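# with the sequence up front, the predicted model follows.
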Amino acid sequence: MASAKSKVQKLKAKDYGFKPFQKMPGTQQKKFHKFHESLFESPAWNDLTIHSKMLYIEMSRKFNGTNENEILFLQKEGIQIMGKNTFHKCIKQLEDHGFIDYVQRNKYNCLANVYGLSTRWHTFIPEQTGKSDSS
């Protein structure tokens, strides 16, 4: 009984905001990811640009349930869905907001960078804009 409880605690500690590789019950449908409401309601997610959200979803497709620190993503893959500068800004934003971490950074872009999924987004606090409500 104690081991089942510790497994549940481990699962809660690794909430990336989605569950990978589920199939439609009773069908031969292709796999799909199930994203949690807590992800979409989080301050970190709501502070992301639409491009960063799209990139996170693309990166999450590479997660198979066990490779959370081995997500390979080529710059070439990123610039197929957005411009090069936008891709780099999105990677930085995903890292700053706690969705991904660099595991291995390949300097010359001929090899895939290795990313790890992170749960730091749960504790993300958006920066204040400095505007005051006083008149």
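Perfect, thanks for sending it.

# residue 75 and residue 61, how far apart?
Using CB to CB, to the nearest Å, residue 75 is found at 17 Å from residue 61. Every residue, glycine included, has its C-beta placed from N, CA and C.

# brain fart, residue 85
According to CB to CB, residue 85 and residue 61 sit 23 Å apart.

# so which of those two has more stuff around it?
Legend: neighbour count by other CB atoms under 10 Å for residue 85 and residue 61, higher for residue 61 (15 against 9).

# the more buried one and residue 39, how far apart?
On the measure of CB to CB, residue 61 and residue 39 end up 15 Å apart.

# tell me, how many neighbours does residue 59 end up with?
Using other CB under 10 Å, residue 59 has 21 other residues around it.

# mind listing what it touches?
By CB atoms under 8 Å, 6 or more residues apart in numbering, residue 59 lies in contact with 71, 73, 94, 100, 115, 117.

# please apply the same query to residue 55.
By CB under 8 Å, 6+ apart, the neighbours of residue 55 are 78, 81, 82, 87, 90, 91, 94.

# what helix or strand does the residue lying closest to the first one once chain neighbours are set aside sit in?
With CB to CB, 6 or more residues apart in numbering as the criterion, residue 78 has its nearest non-adjacent residue at 3.7 Å, and that residue is residue 87. Element membership of residue 87 [criterion: DSSP states H and E] is helix 84-96.

# and for residue 103?
Judged by DSSP H and E, residue 103 forms part of strand 100-104.

# send me the helix or strand just after that strand as CSV with only the CA atoms.
Heading C-terminal from strand 100-104, the first helix or strand you meet, by DSSP H and E, is strand 113-117. What follows is strand 113-117, C-alpha atoms only, in CSV (Å, rounded to 0.1, in the frame of the first residue of the first chain):
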residue,chain,number,x,y,z
ASN,A,113,19.5,20.4,-28.5
VAL,A,114,18.4,18.2,-25.7
TYR,A,115,15.6,19.6,-23.5
GLY,A,116,14.0,18.4,-20.4
LEU,A,117,10.4,18.9,-19.4
